[in-house]
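Visitor: what's the 3D shape of this:
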Amino acid sequence: MRPLGVNTWVWTSPLTDESLRELAPRIAHWGFDVIELPVEHPRDWNPEETAALLSSLGLAASVVLVMPPGRELVASPAVADTQDYLRHCVDVAVTVGAPAVSGPAYASVGRTWRMDAAERKAVYAELRENLKPVVAYAGERGVRIGIEPLNRYETSVINTVEQALDALPEECGLLLDTYHLNIEEADPLAAVRVAGDRIAHLQVCGTDRGTPGADHFDWTGFASAVDDSGYQGPLVIESFTADNATIATAASVWRPLAATQDALATDGLAFLRALTRT
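Guide: Here you go, the predicted structure:
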């Protein structure tokens with residue numbers, strides 16, 4: 001069976017050692033294989049303690065980076081600091097045993113600007129140069145970088161798989177998220193197949209950011225496309241709680257997306273388990 005995971009953003013932000021000690025045993029008890037760990041700030045949680053906790057529970061880890069205002073890899077004086085942050089995320093991944101560090105590592109989420117073809121070409125060239133040392137650092141440590149296309153309301157840099165393949169160095173992978181695929185791709189399933197072996201990580205949720213399966217997405221077709229791509233990693237539920245003001249505002253979650261956050265996770269797990277068994 002394909003491994004299945006859930007991001008701690010379903011319940012809380014930022015992740016802390018205390019919240020992780022409370023969440024991780026529940027996530028393991030429900031039957032998840034993977035817990036996804038956001039690195040919002042370098043000292044929010046202790047990677048060494050986390051590695052020991054997850055090992056005791058039989059949970060694997062995935063690691064996602066976060067790009068708030070001030071973290072930029074293009075058209076900004078903040079590039080060097082952002083590269084340092086990304087290298088820290090790689091070190092965290094090594095400690096907790098995560099195979100990839102994934103997220104929109106190009107510009108802060110919410111930063112948008114108009115670009116003509118020449119300007120976009122220049123931005124992509126700059127991005128490739130600024131990613132190369134981070135990708136090399138990760139590769140030396142056995143970690144893959146997965147860059148995430150986001151929807152048009154969250155970025156103007158990379159919205160589609162086609163743009164990502166054009167923008168990124170060949171050794172860099174992709175994080176694909178069904179929420180963004182549903183908005184930006186004319187054919188989400190074809191986009192998964194085009195991404196192919198460049199896929200480093202996959203995140204899933206309903207088209208409303210809620211429970212996978214409680215929506216209109218073609219999940220059966222998606223599962224087939226993922227199999228065709230050759231991706232062997234987990235499907236990880238990424239959603240957010242409306243109860244946390246910071247994360248709700250950042251993710252534009254203005255209402256509950258399920259009866260409870262626990263139900264979003266467990267119902268999503270049951271749906272994905274049945275889907276990936278077929």
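Visitor: now do the SS call for residue 101.
Guide: strand (DSSP: H, G, I helix; E, B strand; the rest coil).
Visitor: just give me the neighbour total for it.
Guide: Using other CB atoms under 10 Å, residue 101 has 30 neighbouring residues. (Glycine included, C-beta is placed from N, CA and C.)
Visitor: try the one 5 residues further on
Guide: Burial of residue 106 is recorded as 29 neighbouring residues (other CB under 10 Å).
Visitor: same question, residue 8
Guide: Residue 8: 22 surrounding residues under other CB under 10 Å.
Visitor: for it, give its distance to residue 257.
Guide: Taking CB to CB, to the nearest Å as the measure, residue 8 falls 16 Å from residue 257.
Visitor: just residue 140 next, same as before
Guide: Going from residue 140 to residue 257 by CB to CB gives 39 Å.
Visitor: neighbour count winner among these two?
Guide: Using other CB under 10 Å as the criterion, residue 140 and residue 257 rank with residue 257 on top: 21 against 9.
Visitor: what are the ranges of the helices in the chain?
Guide: Ranges of helices in the chain, per DSSP state H, are 17-30, 47-57, 79-96, 117-140, 161-167, 178-184, 188-195, 219-229, 245-250, 261-277.
Visitor: of all those, which lies closest to residue 147?
Guide: helix 161-167 (6.1 Å; CB to CB).
Visitor: residues contacting the closest one, please?
Guide: The contact list for helix 161-167 (CB atoms under 8 Å, 6 or more residues apart in numbering) reads 106, 123-124, 127-128, 147, 149, 157-158, 174, 176, 185, 191-192, 194-195, 198.
Visitor: for the closest residue to residue 158 other than its chain neighbours, what are its contacts?
Guide: Closest residue to residue 158 apart from its sequence neighbours, by CB to CB, 6 or more residues apart in numbering: residue 149 at 4.7 Å. With contacts defined as CB under 8 Å, 6+ apart, residue 149 is in contact with 104, 158-161, 163-164, 174, 176-177, 180, 184.
Visitor: need these in TSV (columns: pLDDT, neighbour count and distance to residue 50).
Guide: Below are the contacts of residue 149 laid out as TSV (pLDDT from 0 to 100; neighbours: other CB atoms under 10 Å; distance: CB to CB, whole Å):
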residue	pLDDT	neighbour count	distance to residue 50
104	98	24	23
158	98	27	30
159	98	19	33
160	98	18	34
161	98	25	32
163	98	15	34
164	98	26	29
174	98	27	26
176	99	29	25
177	98	22	23
180	98	24	27
184	98	19	33
